[in-house]
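[1] below are the sequence and a predicted model; questions follow.
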Amino acid sequence: MSTNVAIVTQDDPFYMPLFFEEFFRRIDEKVSIERVTILDMLDESFTSFVKRMYGLYGPVNFCRRGLHYLYRKGANAAGVGGYSLRSVVDAYDVPVKTREDVNSDEYVGWVETADIDVVLSVSTPQIFGEELLDAPNWGCINVHTAALPKYRGMLPTFWALYHDEDEIGVTVHTMEPEIDRGQIVRQSHFPIDESTTLDEAIKRGKREGGRTAAEAVTDISTGSVSLREMEGEESYFSFPTVEERREFQRRGRKLL
């Protein structure tokens with residue numbers, strides 16, 4: 001008997017394809033991915049988003065990133081890029097649907113009637129409501145690029161580099177109404193050093209996240225999952241400010 005999984009995520013031309021290339025390549029054959037739902041990555045106005053990215057990258061890197069973004073979006077539109085989540089998902093013949101709200105009665109009802117066992121959240125720009133959390137048979141799980149409970153919150157890879165960690169964790173955990181809480185389903189780590197850029201750390205984190213999420217879903221499917229509590233040092237960080245980005249660079253760290 002297969003385990004039915006629904007995925008909720010966002011698309012971008014830089015990182016999400018890396019996660020799903022690893023995930024789909026490693027997922028157990030007894031796991032059935034019923035649908036990938038893509039949410040709008042902007043939970044704010046476009047102007048606010050641009051200002052936030054400008055603050056994170058600074059003028060030079062913002063321009064570099066913008067040019068890369070335009071190139072990749074153009075390549076995707078021309079059908080030659082492969083820089084999108086859809087290009088990965090289509091290769092595995094999995095249904096894809098875009099929507100604005102996964103807390104809607106329509107989506108929650110679909111999870112229940114489609115007999116979904118697990119809802120997997122990957123960089124989802126929306127907090128799950130209690131009705132959605134209760135809808136799947138087994139539960140909802142999330143992927144966070146940190147060794148929770150350390151580095152809860154926004155852009156944990158930035159903060160791991162900022163604090164000169166020598167490794168970054170990836171945690172797949174059960175979801176609760178409060179973000180980055182729950183029990184650990186799977187946890188792994190990958191090494192970093194003083195030369196690791198933020199871009200490289202995020203890329204490695206997505207690949208490691210894809211592998212770890214596939215293992216977590218397989219554990220659930222085979223009944224071999226062993227949940228454990230989040231223990232150890234706790235910390236929470238918001239999205240970096242301009243001054244924190246400048247301090248990041250003063251410490252010799254690079255963004256791209």
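    Ah, there it is. Numbering: from 1, shown residues only.
[2] for the stretch 101-250 of the chain, just list every one of the strands.
    Assignment of strands within the stretch 101-250 of the chain using DSSP state E, counting those that start in this stretch yields the ranges 118-122, 139-144, 152-153, 167-174, 183-191, 228-229, 236-237.
[3] where does pLDDT dip in the protein?
    For the chain, residues meeting the criterion pLDDT under 70 lie at 41-43.
[4] can you give me the helices for it?
    Ranges of helices in the chain, per DSSP state H, are 16-26, 46-77, 85-91, 105-113, 130-134, 156-162, 198-222, 242-250.
[5] any buried residues in the first one, and which?
    So that's helix 16-26. Using 16 or more other CB atoms under 10 Å as the test for burial, helix 16-26 gives M16, P17, L18, F19, F20, E21, E22, F23, F24. All C-beta atoms are positioned from the backbone trio N, CA, C, and that covers glycine.
[6] run the chain-centre distance for it.
    From the chain centre to the centre of helix 16-26 is a distance of 11 Å (CA atoms, centre = their mean, to the nearest Å).
[7] tell me which of the strands of the stretch 101-250 of the chain sits nearest to Q249.
    Between Q249 and the strands of the stretch 101-250 of the chain, the shortest separation by CB to CB is 17.3 Å, and it involves strand 236-237.
[8] one step back: will you turn the buried residues of helix 16-26 into a markdown table that also has distance to I202?
    A markdown table is the format used below for the buried residues of helix 16-26 (distance: CB to CB, whole Å):
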| residue | distance to I202 |
| --- | --- |
| M16 | 11 |
| P17 | 13 |
| L18 | 9 |
| F19 | 10 |
| F20 | 15 |
| E21 | 15 |
| E22 | 14 |
| F23 | 16 |
| F24 | 19 |
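[9] distance to S2 added to the strands of the stretch 101-250 of the chain, as a markdown table?
    A markdown table is the format used below for these (distance: least, CB to CB, whole Å):
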| stretch | distance to S2 |
| --- | --- |
| strand 118-122 | 11 |
| strand 139-144 | 17 |
| strand 152-153 | 33 |
| strand 167-174 | 20 |
| strand 183-191 | 19 |
| strand 228-229 | 26 |
| strand 236-237 | 37 |
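[10] which one, of those, ends up nearest to L198?
    Closest to L198 of the strands of the stretch 101-250 of the chain, according to CB to CB: strand 167-174, at 11.1 Å.
[11] only the buried residues of that closest one, if you could.
    Neighbour-count burial for strand 167-174, counted by 16+ other CB under 10 Å, picks out I168, G169, V170, T171, V172, H173, T174.
[12] follow-up on the earlier one: G129 is nearest to which of the strands of the stretch 101-250 of the chain?
    strand 139-144 (10.7 Å).
[13] what's the angle from the closest one to helix 16-26?
    Taking axes from the mean of the first three to the mean of the last three CA atoms, to 10 degrees, one finds strand 139-144 and helix 16-26 inclined to each other by 130 degrees.
[14] identify, from the buried residues of strand 167-174, the entry nearest to S32.
    For the buried residues of strand 167-174, the nearest to S32 is V172 (18.6 Å; CB to CB).
[15] I figured that closest one hits G139, correct?
    No - applying CB atoms under 8 Å as the test, V172 and G139 come out as separate, 11.7 Å apart.
[16] many thanks, we can stop here.
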